[in-house]
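Engineer: Turn this into a structure:
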Amino acid sequence: MTAPAPLSVLPPSAAPVSEAPPTAARRRWSHVLLLGLVGVLPAVGAVVQLGRIHPDEVYQLLEPAWFRAHGYGVLAWEWRAGLRNWALPGAAAWLLRLADVLGLSHPVAYRGLLAIPQAMLHGWMLWAVYRFAERRAGTVGALLSALAVGLYGPVIVFAGRTLGESFSTAFLVVALEALDRTERPVRAGLVGGLMLGLAVVARYGSAVVVLAALLWLVVERRWRVLAFSCLAGLGVALGLGALDWATWGKPFHSFFAYVDFNVLSGQAARQFGASPPGFYLWPFFSGLPLWVWATMPLGLRSLHQRRALLLPLFCAVAYLLAITATAHKEERFLYPGLVLLVMAAAPTLAAFVLSRERVLLRNAVGALALVATVVTGRFFPPVDLRGDQFRGIVAATRDDGVSGLLIVNEGLWGAGGYFYIGKNIPWMTCDWPRDANFKGAMRDRRFNRVVTFEGRALAELQAAGFRVVQRVGRETVLARD
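Structural biologist: Numbers count the residues shown, from 1 in each chain. Sure thing, here's the model as predicted:
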């Protein structure tokens with residue numbers, strides 16, 4: 001098959017000059033190293049900062065993994081009803097066992113160990129963006145495109161987090177780049193199908209993107225790629241069925257339970273609330289860099305000239321329509337769609353920047369675009385990560401004398417769980433001194449450590465014999481003998 005015409009706004013006179021192979025190879029390796037540095041930023045940030053975007057970051061991966069590895073932990077209701085599969089928590093549990101063998105007992109240390117494979121996956125995602133853009137905007141344009149995705153504010157925030165959206169989005173980007181290739185269709189189909197399957201295993205909501213990608217292959221008449229994608233995806237599906245059979249007693253139990261709860265029965269909307277379609281408007285517009293809108297006419301013109309659908313754009317639109325039509329909405333659900341849109345638009349941005357004749361202007365426009373890319377993290381996601389609380393919990397529970405922990409001004413699902421406490425001691429949460437948990441902890445001498453957010457109940461805690469030992473941001477750590 002012939003390669004597709006490049007999606008570019010470069011005039012013929014500005015087309016990149018071919019380089020000698022050694023020069024091109026050196027440049028490519030320098031790009032790989034730079035992307036590697038950018039690729040580890042989300043993981044490093046997540047480990048250093050701790051905290052959580054959403055309780056699922058802790059209670060849908062870290063805490064069930066801790067339970068599997070150590071035999072105790074807090075299991076959310078999904079893990080009793082069977083709405084989740086054990087693939088990612090099971091893999092994380094083995095890494096936690098490895099941490100025990102290596103003597104990594106500090107929560108930051110074993111959280112860092114868990115971050116290593118995720119950072120590698122994220123690096124693969126950026127390389128996929130590079131490959132996708134290289135076919136459309138050349139080597140330098142590919143680097144700019146990969147930086148536009150790697151430095152994208154929501155990616156910096158999400159990509160190092162242990163959320164289903166974080167893992168699934170990386171798998172989707174790798175999959176769509178593979179399916180976009182025209183060379184070696186067998187390999188493209190196998191890699192694409194495998195990654196699509198893993199994206200669904202990581203997060204069942206990504207099935208919408210999988211269906212859109214398969215439909216795109218049909219429209220483009222990429223029959224061999226389609227066939228081998230389905231073959232690889234079937235292999236992943238059989239593995240998921242076997243895993244559910246072993247853990248829940250029935251093949252595909254978690255998938256069907258998830259679909260019933262979130263789609264068929266409407267229980268998700270009743271239990272967690274329903275929102276109108278306009279719910280996503282502000283996070284959508286504030287979450288995309290300004291250059292996406294500025295380059296949209298150029299991208300649409302190029303698409304019209306090719307007379308072909310751009311795969312990431314097609315999948316992003318399908319996914320965004322699906323989550324808009326779903327009653328229960330959360331801002332984090334936007335993340336995969338936003339990343340796919342930025343992936344689709346980045347080559348057009350790169351081609352536009354490289355088409356500027358003056359070097360100074362090219363550099364200025366490129367730098368301005370990357371700044372706009374980073375700034376979007378200020379608006380999305382608009383949540384308090386509470387990293388100081390998690391760091392406070394870690395600080396409060398490090399010494400051997402701790403026998404019980406009370407967390408004040410936080411509910412159960414906002415706390416860090418046994419994963420960040422790191423030992424099998426009783427712990428509770430409460431909001432006010434009048435709460436039963438607070439009164440019980442004051443009477444129970446096992447509870448000799450407290451972490452309180454924004455100084456709530458300090459007077460009552462000190463009256464019960466606690467003394468302030470440390471302040472971690474907005475958190476106060478107290479202890480009593």
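
Engineer: Can you give me the distance of Pro251 to Val74?
Structural biologist: Pro251 sits 28 Å away from Val74, going by C-beta to C-beta, to the nearest Å. Using the backbone N, CA and C atoms, a C-beta is placed for each residue, glycine as well.

Engineer: again, but for Ala227
Structural biologist: The gap separating Ala227 from Val74 is 44 Å, by C-beta to C-beta.

Engineer: out of the two, which sits in the busier spot?
Structural biologist: Val74 (18 against 15; other C-beta atoms under 10 Å).

Engineer: wait, doesn't the more buried one sit right on Gly417?
Structural biologist: Yes. Contact criterion C-beta atoms under 8 Å: Val74 and Gly417 qualify, at 5.2 Å.

Engineer: Between these two, which contacts overlap?
Structural biologist: Counting by C-beta atoms under 8 Å, 6 or more residues apart in numbering, the shared contacts of Val74 and Gly417 are Tyr59, Glu63.

Engineer: I'd like the next helix or strand past the least confident helix or strand in the chain by mean pLDDT.
Structural biologist: The least trusted helix or strand in the chain, going by mean pLDDT, DSSP states H and E, turns out to be helix 296-306, with a mean of 66. Sequence-wise, the next helix or strand downstream of helix 296-306 (DSSP states H and E) is helix 311-325.

Engineer: Now that following helix: buried residues?
Structural biologist: Within helix 311-325, the residues that count as buried by 16 or more other C-beta atoms under 10 Å are 311-320, 322-324.

Engineer: Show me which of those residues is closest to Ala142.
Structural biologist: Of all those, Ala142 sits closest to Pro312, with 14.7 Å by C-beta to C-beta.

Engineer: which residues does the closest one contact?
Structural biologist: With contacts defined as C-beta under 8 Å, 6+ apart, Pro312 is in contact with Phe132, Val173, Leu176, Asp180, Leu340, Leu341, Met343, Ala344.

Engineer: again, only using 10 Å
Structural biologist: Pro312 makes contact with 129, 132, 172-173, 176-177, 179-180, 209, 213, 216, 339-346, according to C-beta atoms under 10 Å, 6 or more residues apart in numbering.

Engineer: all helices of the stretch 351-481 of the chain, in order?
Structural biologist: Ranges of helices in the stretch 351-481 of the chain, per DSSP state H, counting those that start in this stretch, are 359-375, 387-396, 417-421, 436-443, 458-463.

Engineer: is it true that Leu176 touches Ser229?
Structural biologist: No. Counting by C-beta atoms under 10 Å, Leu176 sits too far from Ser229 to count as a contact (11.1 Å).

Engineer: my guess is Val58 contacts Ala415, does it?
Structural biologist: Yes. Judged on C-beta under 10 Å, Val58 makes contact with Ala415 at a distance of 7.9 Å.

Engineer: Mind listing the shared neighbours of those two?
Structural biologist: Contacts common to Val58 and Ala415, judged by C-beta under 10 Å, 6+ apart, are Arg52, Val74, Phe390.

Engineer: Let me know which of the helices of the stretch 351-481 of the chain is the nearest to Val292.
Structural biologist: Nearest to Val292, of these and by C-beta to C-beta, is helix 359-375 at 9.1 Å.

Engineer: Which SSE is immediately downstream of whichever helix in the chain runs longest?
Structural biologist: Longest helix in the chain, counting residues (DSSP state H): helix 107-150. Next along the chain after helix 107-150, taking DSSP H and E as the criterion, comes helix 153-158.

Engineer: between the following helix or strand past that next one and helix 311-325, how many degrees?
Structural biologist: Following helix 153-158 in sequence order, the next helix or strand is helix 164-180 (DSSP H and E). Here helix 164-180 runs at an angle of 140 degrees relative to helix 311-325 (axes from the mean of the first three to the mean of the last three C-alpha atoms, to 10 degrees).

Engineer: now the angle between helix 107-150 and helix 164-180, please.
Structural biologist: Going by the same axes, to 10 degrees, helix 164-180 makes 40 degrees with helix 107-150.

Engineer: avg pLDDT for the helix or strand following helix 164-180?
Structural biologist: Scanning forward in sequence from helix 164-180 by DSSP H and E, the next helix or strand is helix 185-202. Averaged across helix 185-202, pLDDT comes to 96.

Engineer: One more: stretch 328-342?
Structural biologist: Taken as a whole, stretch 328-342 has an average pLDDT of 93.

Engineer: Quote the end-to-end distance of it.
Structural biologist: 25 Å (C-alpha to C-alpha, to the nearest Å).

Engineer: ok, now stretch 395-403?
Structural biologist: The first-to-last residue distance of stretch 395-403 comes to 14 Å (C-alpha to C-alpha).

Engineer: buried set for that stretch?
Structural biologist: Buried residues in stretch 395-403, counting neighbours by 16+ other C-beta under 10 Å, are found at Ala395, Ala396, Thr397, Arg398, Val402.

Engineer: Could you find the closest non-adjacent residue to the spatially most central residue of the chain?
Structural biologist: With distances taken as C-alpha atoms, centre = their mean, Ser166 lies nearest the centre of the chain, 1.5 Å away. With sequence-adjacent residues excluded and distances taken as C-beta to C-beta, 6 or more residues apart in numbering, Ser166 is closest to Phe158, at 5.0 Å.

Engineer: Check Gly455 too.
Structural biologist: That would be Thr476: by C-beta to C-beta, 6+ apart, it lies 5.8 Å from Gly455.

Engineer: Also Phe314?
Structural biologist: Trp216 (5.2 Å).

Engineer: returning to what we had before: what do Leu176 and Ser229 both touch?
Structural biologist: Shared contacts of Leu176 and Ser229, defined by C-beta under 10 Å, 6+ apart, are found at Gly192, Met195, Leu196, Ala213.

Engineer: Mind telling me the two of those farthest from one another?
Structural biologist: Met195 and Ala213 (10.0 Å).

Engineer: so what's in contact with these two at the same time?
Structural biologist: Common neighbours of Met195 and Ala213, using C-beta under 10 Å, 6+ apart, are Leu172, Ala175, Leu176, Leu179, Ser229, Gly233.
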